[in-house]
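Undergrad: Next one to model:
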Amino acid sequence: MSLPLGILLRSAGHEAGHYALMLATGAAAIGRPVVIFATNGGCGLLLKRTPLLSDPREDLLARRGVVGIAPLLDAAIDLGVRRIVCEAGLRAESLEEAPLAEGVEVAGVVTFLTAVGSGQLLSL
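TA: Now for the predicted structure:
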């Protein structure tokens with residue numbers, strides 16, 4: 001069995017969110033367990049209505065034939081990517097009442113680190 005890949009998403013930017021999903025779906029597609037842990041600015045990716053979908057970069061990617069955020073989020077779910085949003089990160093961004101995407105867990109860094117274990121960690 002492959003070692004897990006843990007992706008720590010700290011950035012609110014479209015590029016970081018998009019690439020976190022590219023890495024997550026790519027790794028999951030080759031059979032690796034994947035956990036995305038979004039905190040602080042990165043929490044926006046895992047909201048029910050992620051602001052990244054309205055980023056102008058989405059249109060640019062579509063014109064260039066690059067998959068966007070919405071299909072990547074769907075693929076992540078289909079591929080079993082575990083999605084965790086940081087409880088402290090939600091509070092730091094005043095998002096504790098914001099609706100989360102279906103299936104997103106709220107937990108802390110210990111849960112993330114335990115899930116990744118001796119696997120790889122990436123930070124975006």
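Undergrad: quick one: the residue lying farthest from the centre of the chain and residue 57, what's the gap?
TA: Distance from the C-alpha centroid of the chain, by CA atoms, centre = their mean, peaks at residue 63 (23.3 Å). Residue 63 sits 11 Å away from residue 57, taking CB to CB, to the nearest Å as the criterion. C-beta coordinates here come from the backbone N, C-alpha and C atoms, glycine included.
Undergrad: One more: residue 97?
TA: For residue 97 relative to residue 57 (CB to CB), the value is 27 Å.
Undergrad: which phi and psi does residue 76 have?
TA: Phi and psi for residue 76, reported as degrees, to the nearest 10, are phi -60, psi -40.
Undergrad: List the residues that contact it.
TA: Counting by CB atoms under 8 Å, 6 or more residues apart in numbering, residue 76 touches 21, 24, 25, 28, 34, 36, 83.
Undergrad: ok, which stretches of this protein are helices?
TA: Using DSSP state H, the helices of the chain run over residues 14-29, 56-63, 69-78, 87-92, 109-116.
Undergrad: Turn these into TSV, columns for distance to residue 44 and mean pLDDT.
TA: Listed next are those as TSV, based on distance: least, CB to CB, whole Å; pLDDT from 0 to 100:
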stretch	distance to residue 44	mean pLDDT
helix 14-29	7	98
helix 56-63	14	96
helix 69-78	11	98
helix 87-92	10	98
helix 109-116	18	98
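Undergrad: which one of those is the most hemmed in?
TA: helix 14-29 (a mean of 20; mean count of other CB atoms under 10 Å).
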